[in-house]
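Asks: Prediction below, plus the sequence it came from.
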Amino acid sequence: MSTTAELLKGAAELFPDEVVTSAHVRHLDLPFGAGRFALITLDNGFDHTKPTTFGPQSLANLDAAIDQVEAEAAAGDIVGVGITGKPFIFAVGADLKGVELLKEHKDALAIGKGGHEVFKRLAGIAVPTFAYYNGAAMGGGVEVGLHCEYRTVSKALPAFSLPEVFLGLVPGWGGCTILPNLIGADKAVSVIIENSLNQNKQLKGQQVFDLGIADALFEGADFLEQSLLWTAQVLQGDVKVERPVIDRGEAWDQAVARGRFVADSKVHGAAPAAYRALDIIAAAKNGDLQQGYDAEDIALADLIMGGELRSGIYAFNLVQKRGKRPAGAPDKSLARPVTKVGVVGAGLMASQLALLFLRRLEVPVVLTDIDQERVDKGVGYVHTEIEKLLGKGRINQDKANRLKALVTGVLDKAEGFSDADFVIEAVFEEIGVKQQVFAEVEAVAPAHAIFATNTSSLSVSEMASKLKNPERVVGFHFFNPVAILPLLEIVRGEQTDDASLATAFAVAKKLKKTAVLTKDAPAFVVNRILTRFMGEIQNVIDEGTSVEVAEKAVEPLGLPMSPLVLLELVGPAIGLHVSETLNRAFPDRFTVSPNLAAVVKAGKRGFYVYDSGKPELDPEVAALLKQGDTVLTEEQVRARVLDAVAQEIGLMLDEGVVAEAQDIDLCLITGAGWPFHLGGITPYLDREGVSERVNGKKFLAPGVASVPA
């Protein structure tokens with residue numbers, strides 16, 4: 001048994017639940033009499049939606065296939081070797097289910113070495129090797145192709161990436177070493193660092209070709225046939241692949257420096273993966289591939305045993321699994337059909353909601369408001385957005401016409417809602433206004449209609465309390481921008497019945513939103529945590545710490561934006577309103593900042609101006625600030641903010657606002673864009689010792705987002 005086989009056999013025992021990928025070898029005669037060719041196909045079953053991954057047994061299967069074609073090449077029986085995937089999927093990388101179970105550094109190191117040893121064999125075969133990226137390719141799937149001499153890619157390829165840095169790893173099976181030597185350091189930094197830290201941005205087939213990762217681009221319908229035709233032409237010398245000379249001088253160093261700037265701007269040094277990847281890219285300048293592979297092995301093992309990767313996998317599983325099977329959701333068979341939607345309000349938020357319901361449900365949607373001008377503006381917004389989709393080629397003319405015909409606006413609720421199955425309100429955030437709206441809707445809507453509120457902080461139970469049938473009112477809290485942020489907090493009021501709740505979850509699924517069930521508690525989940533978080537920032541500013549220090553204190557968390565920039569996005573008036581709501585509910589923990597109140601009273605849209613192209617404290621806001629004389633350091637501010645967040649999450653779990661800490665994290669990831677390397681927030685609080693310091697215990701059990709005990 002070879003050393004590689006022994007290594008993989010030992011590692012396989014650590015991956016008991018691996019979905020095994022097979023590597024079938026078949027032979028065919030290439031066109032033009034080019035000769036006999038061996039094609040390896042990666043496959044893990046007949047379900048073409050199931051991704052093909054690499055665990056130890058899968059790597060062993062590929063290793064055995066390479067044994068076969070290597071012998072055939074040595075005997076002169078074949079002229080080349082190709083590797084491709086099953087329909088629509090090439091391969092999407094390492095089996096993360098097994099990686100998260102690893103307990104020892106040596107085992108993690110074995111996984112890195114095992115992948116390298118198998119993939120390197122492709123480069124060592126005595127005949128030319130070809131990778132045919134026929135479908136989704138990520139991580140190790142990209143890297144196995146990088147070890148081949150030539151690559152083709154399908155125009156229909158939907159997703160291509162090296163997402164490891166996003167999850168807390170490095171591309172550790174050749175990606176950090178081969179890619180910059182293939183396409184240059186700057187392009188490699190864009191793929192490995194910039195795209196990963198930009199919420200795991202995916203490349204399409206055309207982009208893969210344009211970057212120089214693939215040597216040829218073909219249509220999806222006959223991709224493999226065209227690739228084999230091209231292969232024959234390459235082997236016969238009719239097609240010559242020319243690649244640019246790589247600049248190994250100052251341009252390489254500048255690319256790495258740019259990568260460090262990108263990493264600093266995203267994670268501020270707090271998450272190590274990007275920096276480890278950049279170190280390997282920097283060292284790859286000398287072209288020594290084996291040196292790079294060795295560095296990848298060590299970095300991969302170190303990061304597998306680190307908290308960032310465990311948090312990243314935890315976050316990934318939350319979004320991909322828990323987010324699709326919401327905890328506490330009623331039996332879906334109770335859900336009622338929704339064939340028409342009513343929207344109360346025609347402002348920006350209401351119009352965004354109308355557009356979303358229209359696009360996803362493709363049923364009639366009717367908006368109402370207090371005057372015709374507002375109604376017309378709301379319908380006009382929807383029409384304009386549909387035209388934009390048409391202009392981008394996202395929909396065709398027939399569908400655009402159909403969608404436009406489905407959206408209407410009326411002043412009379414009786415006319416608009418008499419046959420609506422689902423009515424959502426998005427009016428002024430004041431309990432009396434919302435109660436009046438629902439009373440008017442109840443008077444004209446059918447008895448089975450569900451009433452949903454998009455309130456961000458008000459009590460759903462109180463909103464429904466004056467209705468004859470309060471059981472059909474449910475909270476349906478979206479996050480702005482509605483089309484982008486996936487989270488939908490579904491709030492169960494005190495009297496909300498299972499049928500109404502089941503209908504809400506069914507609608508959320510059709511809207512392609514990540515639904516999380518929450519108790520009817522002040523500000524629900526995201527706004528309650530963010531208000532406590534931002535409230536502490538405002539408190540330390542009020543007490544005397546500078547705005548700059550307060551903002552920089554939380555940079556190491558790697559949040560998508562600073563607290564005061566987020567406040568500007570939300571709107572200071574809305575932020576003040578939510579803080580006032582929570583102050584009334586929990587006056588011992590939530591304060592109302594007099595400085596924020598002054599900013600709102602002055603009509604300012606935020607704390608910053610951008611005249612220089614970057615945020616700077618608005619002089620008019622600076623003049624409004626009244627501060628005490630207590631000045632804290634960045635470390636003191638950060639500790640105070642994290643302690644406050646940990647305390648609030650502990651109280652929310654005690655109150656049963658959500659089922660588990662996992663729901664808190666899912667909400668922050670999908671509703672506020674908190675990074676995967678934090679795992680949302682609770683794994684980070686556990687890792688930094690904050691949870692135990694504040695609550696006396698960790699939020700998560702060992703092994704959930706950490707190395708198993």
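Replies: Here it is on my side, so go on.

Asks: List the buried residues in the strand or helix carrying residue 98.
Replies: Element membership of residue 98, judged by DSSP states H and E, is helix 96-99. Buried positions in helix 96-99, judged by neighbour count with 16 or more other C-beta atoms under 10 Å: 96, 97, 98, 99. From N, CA and C alone the C-beta is placed, and that goes for glycine too.

Asks: how far does that helix sit from the chain's center?
Replies: Helix 96-99 sits 19 Å away from the centroid of its parent chain (C-alpha atoms, centre = their mean, to the nearest Å).

Asks: tell me the mean pLDDT over it?
Replies: Averaged across helix 96-99, the pLDDT comes to 77.

Asks: Against which helices or strands is the helix or strand just after that helix packed?
Replies: Proceeding C-terminally, helix 96-99 gives way to helix 105-124 as the next helix or strand, assigned by DSSP H and E. With contacts defined as 3 or more C-beta pairs under 8 Å, 6 or more residues apart in numbering; DSSP states H and E, the packing partners of helix 105-124 are helix 3-12, helix 56-74, helix 140-146, helix 289-304.

Asks: related to what we said a few turns ago, and which of the buried residues of helix 96-99 is nearest to residue 360?
Replies: Using C-beta to C-beta, residue 96 is the member of the buried residues of helix 96-99 that sits closest to residue 360, with 29.7 Å.

Asks: Now that closest one: closest residue in space that isn't a chain neighbour?
Replies: Here the nearest residue to residue 96 in space, its sequence neighbours aside, is residue 313; by C-beta to C-beta, 6 or more residues apart in numbering that works out to 5.3 Å.

Asks: Correct me if wrong: that neighbour contacts residue 99.
Replies: Yes: look at residue 313 against residue 99 with C-beta atoms under 8 Å: they come within range, at 7.0 Å.

Asks: What ranges in the chain fall below the confidence cut-off?
Replies: Under the criterion of pLDDT under 70, the regions of the chain flagged as low confidence span 1-17, 46-48.

Asks: Give me the residue at the spatial middle of it.
Replies: Central residue check for the chain by C-alpha atoms, centre = their mean: the C-alpha nearest the mean position is that of residue 199, 5.4 Å away.

Asks: what about stretch 35-50, start to end distance?
Replies: With C-alpha to C-alpha, to the nearest Å applied, stretch 35-50 spans 34 Å between its terminal residues.

Asks: Buried residues, it. List them.
Replies: Across stretch 35-50, burial judged by 16+ other C-beta under 10 Å covers 35, 37, 38, 39, 40, 41, 42, 43, 44.

Asks: Just want the angle from the helix or strand containing the fourth one to helix 56-74.
Replies: It refers to residue 39. Counting by DSSP H and E, the element that carries residue 39 is strand 35-43. Counting by axes from the mean of the first three to the mean of the last three C-alpha atoms, to 10 degrees, strand 35-43 points 180 degrees away from the direction of helix 56-74.

Asks: Give me the contact list for strand 35-43.
Replies: Contacts of strand 35-43 with the rest of the structure, by C-beta atoms under 8 Å, 6 or more residues apart in numbering, involve 21-30, 52, 62, 65-66, 68-69, 72-73, 77-86, 90-91, 228, 231, 235.

Asks: Just the buried ones among those residues, please.
Replies: Buried residues within the contacts of strand 35-43, counting neighbours by 16+ other C-beta under 10 Å: 21-23, 25, 30, 52, 62, 65-66, 69, 72-73, 78-86, 90-91, 228, 231, 235.

Asks: thinking again about what came up before, what separates the residue nearest to the centre of the chain from residue 167, distance-wise?
Replies: Relative to residue 167, residue 199 is positioned 12 Å away (criterion: C-beta to C-beta, to the nearest Å).

Asks: Same check on residue 666?
Replies: The spacing between residue 666 and residue 167, counted by C-beta to C-beta, is 16 Å.

Asks: got it, and residue 419?
Replies: Distance from residue 419 to residue 167, counting by C-beta to C-beta: 48 Å.

Asks: Residue 683 too?
Replies: Using C-beta to C-beta, one gets 13 Å for the distance from residue 683 to residue 167.

Asks: ok, now residue 208?
Replies: 21 Å.

Asks: Over to residue 486?
Replies: Residue 486 sits 18 Å away from residue 167, taking C-beta to C-beta as the criterion.

Asks: Of the two, give the one with the bigger neighbour count.
Replies: Set side by side, residue 486 and residue 167 give different neighbour counts by other C-beta atoms under 10 Å, the larger being at residue 167 (25 against 17).

Asks: ok, longest helix in the protein?
Replies: If each helix of the chain is counted by residues according to DSSP state H, the longest one is helix 634-655.

Asks: can you pull the buried residues of that helix?
Replies: Burial within helix 634-655, assessed by neighbour count using 16+ other C-beta under 10 Å, is assigned to 634, 637-653.

Asks: now stretch 214-229
Replies: The neighbour-count check on stretch 214-229 (16+ other C-beta under 10 Å) flags 214, 215, 216, 217, 218, 220, 223, 224, 226, 227, 228, 229 as buried.

Asks: Which ones among those map onto helices?
Replies: Checked against DSSP H, the buried residues of stretch 214-229 include these in helices: 223, 224, 226, 227, 228, 229.

Asks: got the contact list for the fourth one?
Replies: In other words, residue 227. Neighbour list for residue 227: 82, 84, 130, 132, 152, 216, 218 [criterion: C-beta under 8 Å, 6+ apart].

Asks: For these, give me JSON lines that also has secondary structure and distance to residue 581.
Replies: Putting these into JSON lines (DSSP: H, G, I helix; E, B strand; the rest coil; distance: C-beta to C-beta, whole Å) gives the following:
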{"residue": "82", "secondary structure": "strand", "distance to residue 581": "62"}
{"residue": "84", "secondary structure": "strand", "distance to residue 581": "57"}
{"residue": "130", "secondary structure": "strand", "distance to residue 581": "62"}
{"residue": "132", "secondary structure": "strand", "distance to residue 581": "57"}
{"residue": "152", "secondary structure": "strand", "distance to residue 581": "58"}
{"residue": "216", "secondary structure": "strand", "distance to residue 581": "59"}
{"residue": "218", "secondary structure": "strand", "distance to residue 581": "57"}
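
Asks: what about residue 323, neighbour count?
Replies: Residues lying near residue 323 (other C-beta under 10 Å) number 19.

Asks: gap between stretch 251-258 and the chain center?
Replies: 27 Å.

Asks: So for it, what gets flagged as buried?
Replies: Neighbour-count burial for stretch 251-258, counted by 16+ other C-beta under 10 Å, picks out 252, 255, 256, 258.

Asks: May I see those arranged in JSON lines, with secondary structure and distance to residue 570 as well?
Replies: As requested, the buried residues of stretch 251-258 are exported to JSON lines (three-state DSSP; distance: C-beta to C-beta, whole Å):
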{"residue": "252", "secondary structure": "helix", "distance to residue 570": "42"}
{"residue": "255", "secondary structure": "helix", "distance to residue 570": "36"}
{"residue": "256", "secondary structure": "helix", "distance to residue 570": "36"}
{"residue": "258", "secondary structure": "helix", "distance to residue 570": "31"}
